[in-house]
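Q: Build me a model:
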Amino acid sequence: MKVLVVGGTGGMGQGVARDLIKQERIETVTLGDINIDPGRVQEKLKASPKVSLVKIDVNDHAGMVAAIRAADVAVNCAGPFYKTAVAVARAAVEAKVNYIDICDDYEAAQILFASDIDAAAKAAGITVLTGMGSDPGTNNVLVKWYADRLDRVDEIYLYWVVSIAELAGAAWDHSLHMVLGRIPQYIDGQLVEVDGGGGEEIEHFLEPLGECLISYVGHPQPITIPKYIQGVKTVVIKGALIPVWVDRLIKEQKAMGLLANEPVDVRGNKVVPYDLALKLWDTIPQDRDNGPQASGLKVIVKGERQGKQVTYTADIVGRMAPGTGLPASIAALMMDAGEVTVKGVVAPEGCIDPDMFLSELLKRGARIHQTETIRSMFTL
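A: A predicted model of the protein is given here:
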């Protein structure tokens, strides 16, 4: 099995590659990136005879098609995905090679499902699996696992926090972008738009995270989950960057226009405020309190089973790179083994067998803390 990891020298791409090289059936893992400086590559990957570097540019369609054709599966880790996912997916469809991404931007998911890419992928006999990281990704599969154990699913709440100690490069772009403007949430059976960064509430995560302030963020799940979990009335996703000063400062910048995308004149030069803020965010945290070097997920699924109200809750805490890379690696292996059969554009909850996936995730050391609460009238 040959895998091309697009954005392969970035943190998330290397997270995928580290797991892939451990698998016996993997012949080669090609790290494709516009920056192929060997100094960016971790020693474990450098030492593996399976790993090679190739320079690719996601904006070079012909070059992307040629690079993808040499692989059995292409895994796209080149963010931010609102800028890259559609272009790389189109190249994979033309190359007729199965595609996976870790896309966490709702705009890209909307385009992938609504454009000609779905029909073209079906015609090519390939799968375009979007959102197969941590969030989206693992939490989507957990939602499906719980939904399969209920007669009816009513509400789904997806919460996450990420430490800025784990952020770099494109991750900052996504982190600022996800709270701008009006963003989708699925509420009372309708896809609606809410203010990014609104709806603040306190949620408790596993230690060392504890209580964190979270708010609405622009991720794909309110768009994808209702396609596959029939009858669900609410799909809400909220998240935050920690420590709390980070989100507070981002919201202040947003209110002041410092995250605007319209150029302003500064001493005769046109400057885009967003571009400047993005550049500074990649350096400011070095001199501030970065908090715990851990990130967290919480999944809450509410529904009914045999006339009783049931609530499932799952909590995970860990590091972002393996948490994101492992799901994509597992999915690539499942896809190559013929265990992902859906063709066309699909989200994890629509094609990944939850039992198979979660079994593989647990084998790799993941720890999922879960509770089941059943509420019913007392009977004799």
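Q: For the rest of this, base every contact and every neighbour count on C-alpha atoms.
A: Noted.
Q: can you pull out the helices in the chain?
A: Per DSSP state H, the chain carries helices over the ranges 11-20, 43-46, 61-69, 81-95, 106-114, 117-124, 138-147, 170-177, 221-228, 244-256, 273-281, 320-336, 354-363.
Q: so can I have CSV of the ones you listed showing mean pLDDT?
A: Putting these into CSV (pLDDT from 0 to 100) gives the following:
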stretch, mean pLDDT
helix 11-20, 96
helix 43-46, 96
helix 61-69, 97
helix 81-95, 97
helix 106-114, 96
helix 117-124, 97
helix 138-147, 98
helix 170-177, 92
helix 221-228, 98
helix 244-256, 94
helix 273-281, 93
helix 320-336, 94
helix 354-363, 97
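Q: how about those helices, which one is nearest residue 234?
A: Among these, helix 221-228 comes nearest to residue 234, with 8.2 Å by Cα to Cα.
Q: could the helices of the chain be laid out in CSV, adding mean neighbour count and distance to residue 207?
A: Output for the helices of the chain, formatted as CSV (neighbours: other Cα atoms under 10 Å; distance: least, Cα to Cα, whole Å):
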stretch, mean neighbour count, distance to residue 207
helix 11-20, 25, 23
helix 43-46, 14, 29
helix 61-69, 19, 41
helix 81-95, 23, 30
helix 106-114, 20, 29
helix 117-124, 19, 41
helix 138-147, 23, 19
helix 170-177, 20, 23
helix 221-228, 21, 25
helix 244-256, 16, 16
helix 273-281, 16, 26
helix 320-336, 24, 15
helix 354-363, 15, 19
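Q: what residues go with each domain of the protein?
A: By the record's domain assignment, the chain is partitioned as 2-133+323-363, 138-318 (automatic domain parsing).
Q: Can you add distance to residue 307 and give the helices of the chain back as TSV?
A: Below are those laid out as TSV (distance: least, Cα to Cα, whole Å):
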stretch	distance to residue 307
helix 11-20	42
helix 43-46	52
helix 61-69	50
helix 81-95	42
helix 106-114	35
helix 117-124	38
helix 138-147	15
helix 170-177	41
helix 221-228	22
helix 244-256	41
helix 273-281	50
helix 320-336	34
helix 354-363	25
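Q: what's the closest of those helices to residue 372?
A: Residue 372 lies closest, by Cα to Cα, to one member of the helices of the chain: helix 138-147, at 9.9 Å.
Q: what angle sits between the closest one and helix 320-336?
A: Following axes from the mean of the first three to the mean of the last three Cα atoms, to 10 degrees, one obtains 60 degrees for the angle between helix 138-147 and helix 320-336.
Q: got the contact list for helix 138-147?
A: Helix 138-147 is contacted from outside by 132, 153, 156, 158, 221, 225, 229, 297-299, 301, 312, 314, 327, 348-349, 352-355, 357, using Cα atoms under 8 Å, 6 or more residues apart in numbering.
Q: Which ChimeraX command selects the buried ones in the residues you listed?
A: Of the contacts of helix 138-147, the buried ones can be selected in ChimeraX as follows, counting by 16 or more other Cα atoms under 10 Å:
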select :132,153,156,158,221,225,229,297,298,299,301,312,314,327,348,349,352,353,354,357
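Q: chain center to stretch 337-344, what's the gap?
A: Counting by Cα atoms, centre = their mean, to the nearest Å, stretch 337-344 is centred 20 Å from the centre of its parent chain.
Q: Return the set of buried residues in that stretch.
A: Judged by neighbour count (16+ other Cα under 10 Å), stretch 337-344 contains these buried residues: 340, 342-344.
Q: List the residues that contact residue 51.
A: 21, 28-31, 45.
Q: For these, which PyMOL command selects only the ones that are buried?
A: Buried members of the contacts of residue 51 can be picked out in PyMOL with the line below, counting by 16+ other Cα under 10 Å:
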select buried, resi 21+28+29+30+31+45
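Q: Which member of the contacts of residue 51 is positioned nearest residue 291?
A: residue 45 (28.6 Å).
Q: quick one, what contacts the closest one?
A: Neighbouring residues of residue 45 by Cα under 8 Å, 6+ apart: 14, 17-18, 51.
Q: Kindly report the same for residue 165.
A: If a contact means Cα under 8 Å, 6+ apart, then residue 165 has 285, 290-293 as its contacts.
Q: Neighbour count and pLDDT for those residues - can I get that in CSV?
A: Shown next, in CSV, are the contacts of residue 165 (neighbours: other Cα atoms under 10 Å; pLDDT from 0 to 100):
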residue, neighbour count, pLDDT
285, 14, 71
290, 18, 72
291, 14, 76
292, 16, 79
293, 16, 81
